[in-house]
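Q: Next one to model:
(one chain, ligands or ions: 1)
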Amino acid sequence: MKKSHPKKTGKSTQNIKVEALAEVTPNPDGTRLTTNQGLVINDDTNSLKGGERGPSLLEDFHLREKITHFDHERIPERVVHARGAAAHGFFQCYKGNSELTKAGFLTDPSRKTPVFVRFSTVAGSRGSSDLARDVRGFAVKFYTDEGIFDLVGNNIPVFFIQDAIKFPDFIHAVKPEPNNEIPQAASAHDTFYDFISLSPETLHMLMWVMSDRAIPRSFRMIEGFGIHTFRFINAAGKSRFVKFHWKPLLGMHSVLWDEAQKISGTDPDFHRRDLWDTIANGGVAEWEFGVQVVEEKDEHKFDFDLLDPTKIIPEEMVPVQRIGKLTLNRNPDNFFAETEQVAFHPGHLVPGIDFTDDPLLQGRLFSYTDTQLTRLGGPNFAQIPINRPTCPMHNNQRDGHMQQIINPGDASYHPNTVGGGCPMQARENMGAFVSYAEKMNGAKVRGKTAKFFDHFSQAALFFNSQSEPEQNHITDALTFELGMVKRAAIVDRMLFLLAKIDAEMANKIAQGLGRVVPKSIEGRLNMNVGADAGKETETKPVKKSSFTSPALSMANTVKDTIKTRKIAFLAGDGVDEESLAAMKKALTSEGAIVAVIAPHGGTIKGSKGGQIPVDFSLLNAASVLFDAVYVPGGADSVAAVRADAKSIHFMNEMYKHCKAIAATGEGVELIRASSIKMNDKAKGKNDKTDPALIVEENGDAKKISAKFIKAIAQHRNWDREKIAKATIPA
Ligand code: HDE
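A: Next up is the predicted model:
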């Protein structure tokens, strides 16, 4: 039977049926197996030997070629952002923005610019878990008609440090400790907090990294930021400052730390798989592109310096204008060739966009090419298919390792007459990039302006702008992380600094650690004898501001859709078939994905005699991989599910992680059997009504599906957190 190759089916990895995976033929289109020289191979499984039981022969060129290639299959992993996942798609602007910029891809709404986007964690190795508490890289390669534009950003709008010269120190501090390479993909260790506590400029970003943003539900549900202030230049040569934003159409959502840790065990590829499966199943991941624009004349009107990457421009001060949309709709064909070999660079610009003198950005402009030379083996990495511009490319660069271009002709220099003057320079009005003629004057110094030294105002702004559950999560995260730090002096320095951001938060953390917030940190300032000595603000009181920024809280994000949410149905033989089908229809018609989880794999029998396919057995399933759970009725079904105590654990965890839970008919019994406190007269309990706990003992799924959908769209019912902490076992 003719079977198709898995690449062509585009099937997802988790929702895939076993039959579909079996549809692999080693030779789908009749090609012959050959050596790298094109020689057709007759036997790829036996090496050439001197007799059937004799030694392998050196002469076996096929064996040698195959093994040599294998020996060199790995390249150095990225020194940061090693673990990633990527997808192809396109960008389109909503309208012409020619007043702002002359960049073609932002001024011509009819253009669909191809993009390749790579998401990543920062600290972990290639094989680490997706759910590390970490920043997420959000790097976008635009293949524009004017050349490659890379927007190499993160999901947090500020960075830890203000100057590139500190980057190696910072990364050494956060990476596993050098003597034992522990811990992997975790900031909860001494060297990280040693550095943080001695570098108060890191505190604003620390608040973000301790917030829920660092443990996202999905790459598709994170924001993205260019971080640095860039410039837009229009055709008339007018320059404005600009900050870049990506706003996810599904809103921003996160998991709890307890979940993150468990997902790291049950599915360390959770984010990769989520992106892959969404696209493989015909879905898309979408963001709106936003810009905050500041006129040049307003450069100095803020309390912070626009060149300081540890500061945001609050959206309430300068609104984000949404000017286009990014759609990811195609999975890579080959992880190594595309996701691993893609080389981003913040210096890949197109006319209409330019740099500022942000000292972090300036250092990055050197680093990215430098790292690719080692990582991709030489200067010709721009010729790797994923890195090639889609517009014409001609210059006089020649040779080098792995040169792919056969350049004809005898002129490889400029200026020339031998080659007819080609390739020729172009004028600015012919589409050439010309650097913005920014005025520069100043002494050659190592230093920065006074505004760079306020390290606390925006850290406090971020904390004060969070909802109560978000603030609790930050406090818990810091208590957890500092609880892993062994040296008391480091913890004390941290407590002292955190108290400058919010005294109550610091006291709670201190309490959790069994310590008190110190009143001073003797000796700290003396350590800095450089140009910054005595200028840091950590000993000065922080002005408490009443200004908060609602845009900083995830509580205010989009909560109107259940698209691509994964809903678990717990069912066994004898399940109320009608309710199961009705709930499935209601959820899937809103774009959710339903998975039937049963005591055994294969199929289960419905109450009406139907056969219902099982997606996961209880053995393979874990609550943390789903957004919500529904337990349909059917006495036998519920009894079968309940017979495996994992189902009780499943329900308890769903509740503990504040997810939507629904049950109809006998399904309600499974909730009663768990530790969930229900608004349940039968049990004599009458707790506050929980909008995400939806039970209907005497009705079917149709009665409650609308309520269930609404609860799932809310993502979580955080109000439940305290009661769950007190009542649900770990
Ligand atoms: Fe990077 N960064 N970075 N970075 N960065 C790299 O480049 C570096 C910074 C970011 O998916 C490396 O090709 C320095 C800020 C992303 O391939 C390296 C400094 C932001 C990615 C490098 C920074 C980023 C990288 C490692 C301080 C957000 C992954 C491999 C001066 C705006 C790109 C590579 C991908 C990767 C250096 C700071 C984002 C070593 C020196 C700030 C998303 O060149």
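
Q: When you work out contacts or count neighbours from here on, use the C-alpha atoms and nothing else.
A: Noted.

Q: I'd like the distance from stretch 264-273 to the chain centre, please.
A: Computed by CA atoms, centre = their mean, to the nearest Å, the chain-centroid distance of stretch 264-273 equals 13 Å.

Q: Any idea how far apart the tips of it sit?
A: 13 Å (CA to CA, to the nearest Å).

Q: Could you list the buried residues of it?
A: For stretch 264-273, a neighbour-count test (16 or more other CA atoms under 10 Å) marks S264, T266, D267, P268, D269, F270, H271, R272, R273 as buried.

Q: For that stretch, give me every contacting residue.
A: 13-14, 84-85, 128-132, 217-219, 263, 622, 625 (CA atoms under 8 Å, 6 or more residues apart in numbering).

Q: just stretch 549-567 next, same as before
A: 249-253, 278, 314-316, 461-462, 465-467, 470, 590-595, 625-630, 709-710, 712-715.

Q: any chance you could map the helices in the stretch 201-350 of the chain?
A: 203-209, 257-266, 270-280 (DSSP state H, counting those that start in this stretch).

Q: and among the ones you listed, the most buried is which?
A: Mean neighbours per residue, mean count of other CA atoms under 10 Å, is largest over those for helix 203-209, with a mean of 23.

Q: Keeping just the C-alphas, turn that helix into PDB.
A: Output in PDB follows, covering the C-alpha atoms of helix 203-209 (Å, rounded to 0.1, in the frame of the first residue of the first chain):
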ATOM      1  CA  LEU A 203      16.500  44.400  40.100                       C
ATOM      2  CA  HIS A 204      13.800  45.700  37.700                       C
ATOM      3  CA  MET A 205      14.300  42.700  35.400                       C
ATOM      4  CA  LEU A 206      14.500  40.400  38.400                       C
ATOM      5  CA  MET A 207      11.000  41.400  39.300                       C
ATOM      6  CA  TRP A 208       9.800  40.400  35.800                       C
ATOM      7  CA  VAL A 209      11.700  37.100  35.900                       C
END
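
Q: Let me know whether that helix sits next to the ligand.
A: No. Residues of helix 203-209 contacting the ligand under CA under 6 Å from any ligand atom: none, with a closest distance of 11.0 Å.

Q: So which elements touch that helix?
A: helix 457-464 (3 or more CA pairs under 8 Å, 6 or more residues apart in numbering; DSSP states H and E).

Q: who touches the helix it packs on?
A: 203-205, 207-208, 311-312, 471, 501-502, 542-545, 547-549, 552.

Q: Kindly present the helices of the stretch 201-350 of the chain as CSV, with separate columns for distance to I562 and mean pLDDT.
A: Output for those, formatted as CSV (distance: least, CA to CA, whole Å; pLDDT from 0 to 100):
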stretch, distance to I562, mean pLDDT
helix 203-209, 26, 98
helix 257-266, 20, 98
helix 270-280, 13, 98
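
Q: Now which of the contacts of stretch 264-273 would you call buried?
A: Counted by 16+ other CA under 10 Å, the contacts of stretch 264-273 give 84-85, 128-132, 217-219, 263, 622, 625 as buried.

Q: export the helices of the stretch 201-350 of the chain to CSV and tack on distance to E577?
A: Below are those laid out as CSV (distance: least, CA to CA, whole Å):
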stretch, distance to E577
helix 203-209, 45
helix 257-266, 30
helix 270-280, 27
